[in-house]
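Chemist: How does the following fold in three dimensions:
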Amino acid sequence: MLTNLKKAILISTIFVAVFYQFGCGSSPSILKLSDLDPNFRKFEGNRDYDNVTDSVEYVNLGKESYDNIFKEAAIINATVRQLNFTIDAIDKNPSKFVKGSEGFEFALAAVTFGINALPKMKESASKILNGLTSLNPVNDFSGLDATKAPKAVDGISQTKSNLENAVAEMDKLIGKIGKLETQFK
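Modeler: Sure thing, here's the model as predicted:
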């Protein structure tokens with residue numbers, strides 16, 4: 001017969017085994033430059049042009065309604081980050097971005113992408129920010145998935161902060177890209 005202490009130890013052991021088996025329920029997913037736009041694939045991993053690959057993560061819980069929001073928000077945030085990086089690189093070393101060079105090819109792709117994507121992303125970011133209030137991790141994760149709720153709360157908080165910062169930066173970024181557009185036609 002099991003004593004109360006032995007029962008507690010057995011239950012604790014089972015809980016720890018399940019917790020380690022399923023972890024906190026998530027691992028971060030990492031964006032690549034080509035996740036922003038397939039035209040960037042050629043430049044992926046080239047630190048002269050790529051400020052996204054292996055450096056922008058988002059929470060992945062295995063629950064589509066959350067994962068899609070977190071990924072879309074990460075792409076918006078990474079886009080703003082990448083475009084600022086590209087503009088800074090052009091400003092610091094314009095000779096690297098002369099017509100006919102790889103730098104020019106990348107800058108042209110980035111400027112074209114920015115002009116087309118940023119207005120849509122700004123609208124999308126506003127929708128995501130409004131939609132975050134409808135997420136309820138305590139109700140959405142139960143049973144063994146309950147261990148994912150804290151990560152979901154962190155993901156929501158991170159998403160909100162990142163999107164608010166990205167939206168605040170977008171108008172300035174659109175203006176900067178507009179000035180570069182004539183240079184890279």
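Chemist: can you give me the helices in the protein?
Modeler: Applying DSSP state H to the chain gives helices spanning 4-22, 33-36, 64-92, 102-132, 137-140, 149-181.
Chemist: Reformat those helices into CSV and put distance to residue 51 next to each item.
Modeler: No exception for glycine: its C-beta is placed from N, CA and C like everyone else's. Compiled in CSV, those are given as follows (distance: least, Cβ to Cβ, whole Å):
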stretch, distance to residue 51
helix 4-22, 34
helix 33-36, 8
helix 64-92, 4
helix 102-132, 11
helix 137-140, 31
helix 149-181, 14
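Chemist: right, so of those, which gets closest to residue 57?
Modeler: helix 64-92 (7.4 Å; Cβ to Cβ).
Chemist: Tell me the gap between that closest one and the middle of its chain.
Modeler: 6 Å (Cα atoms, centre = their mean, to the nearest Å).
Chemist: What residues sit buried inside that helix?
Modeler: The neighbour-count check on helix 64-92 (16 or more other Cβ atoms under 10 Å) flags 66-67, 69-83, 86-87, 89-90 as buried.
Chemist: quick one: average pLDDT of that helix?
Modeler: What helix 64-92 shows for mean pLDDT is 95.
Chemist: Quick check: the residue sitting nearest the centre point of the chain vs residue 28, distance?
Modeler: Closest residue to the average C-alpha location of the chain: residue 74 at 1.8 Å, with Cα atoms, centre = their mean. Going from residue 74 to residue 28 by Cβ to Cβ, to the nearest Å gives 10 Å.
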